[in-house]
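>>> Quick one: sequence and predicted model below, then my questions.
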Amino acid sequence: MLRGTESAYGVGSINYATGAVSVTLGALPDDGSSILFSWGTKNTFVDRSTMTVASTAVRTLLPDAPIAPGTVVVTWNDGTARTATDDGKGAFTGDATGTVDYETGNVKLAPTSLPLGGTEYSFAYSSPDEDDVQSIGFPAPTRNIDTTVTLDLGQTNVTPGTVKLSYAVTSPAPETDSDTEYQYLAPPRAYAHDNGLGSIIGELGRVAGTIDYATGIVTFQPDGAMLVRRSYFKALGVGYTVQGFSA
């Protein structure tokens, strides 16, 4: 239905499906005058009423990693003193949820009550006692039939979140030209660590195996996507130049 601000101006109809318009004007238009039409289109929108909104989180990197599990305490004040602590398995409890990576020091903290911008957070934590750190080598371990490797750490009741694996991998040599030669200082290496929940995680997030903390048995798949560190010499006619690390 079309109508003017007053019925004397005219009336009409519109078919919204086809766009056809019929109008009867209240007075005959002057010769040569134009009739102008204007219209809008449907609004384009997304209904977000049922979508889950991720919690606002604070992200930071704690220096002096690795971090001793169960020692992280975060405090802040939003008008009320707040505290969150890690549970020794990589998760926060208390006045916030979130995660802490003991190996890298990466922290994601989502306060239960959103504080004002500019709120300061205080992090207290400890590094592992060097006397408690154990290191063991496994030269050329035998592959299982499914190509995984089973390692016995020789320790029972291993502390979750403290296990780190370092292993040599094959990697293509850097690109060269006819006058350049490269030599590796040491075999390229990749790393993985446990997540405190019984899984072995590669640096790119790949779930690469499992660990039984009670027995110290690790089952690990070294093949797959990984971040590789390699150090090499570049020959430049006479002598060598250290090139550093590449990935």
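Looks like it arrived, so ask away.
>>> Now do residue 54 against residue 33, distance only.
Separation of residue 54 from residue 33 (Cβ to Cβ, to the nearest Å) stands at 58 Å. C-betas here are computed from N, CA, C, even on glycine.
>>> Make sure residue 8 is indeed in a helix.
Yes: looking at residue 8 with DSSP: H, G, I helix; E, B strand; the rest coil, it is inside a helix.
>>> Which residue, neighbours along the chain excluded, lies closest to it?
Nearest non-adjacent residue to residue 8, counting by Cβ to Cβ, 6 or more residues apart in numbering: residue 26, 4.6 Å away.
>>> just residue 128 next, same as before
That would be residue 68: by Cβ to Cβ, 6+ apart, it lies 4.8 Å from residue 128.
>>> what's near enough to touch that neighbour?
Taking Cβ atoms under 8 Å, 6 or more residues apart in numbering, we find residue 68 in contact with 102, 125-129, 162.
>>> Would you write a PyMOL line that selects the buried entries of those?
Here is the PyMOL command that picks out the buried ones among those, judged by 16 or more other Cβ atoms under 10 Å:
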select buried, resi 102+125+128+162
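>>> from the contacts of residue 68, which ones fall inside strands?
Using DSSP state E, no member of the contacts of residue 68 sits in strands.
>>> Same question for the residue nearest to residue 128, what's its three-state structure.
Here residue 68 takes the coil state, with states given by three-state DSSP.
>>> Kindly reformat the contacts of residue 68 as TSV containing distance to residue 19 and pLDDT.
Compiled in TSV, those are given as follows (distance: Cβ to Cβ, whole Å; pLDDT from 0 to 100):
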residue	distance to residue 19	pLDDT
102	65	84
125	67	94
126	73	90
127	73	84
128	73	77
129	79	72
162	70	81
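>>> before we move on, the earlier item: please tell me the pLDDT value assigned to the residue nearest to residue 128.
Per-residue confidence (pLDDT) for residue 68: 86.
>>> Check the one 4 residues further on too.
What the model reports as pLDDT for residue 72 is 95.
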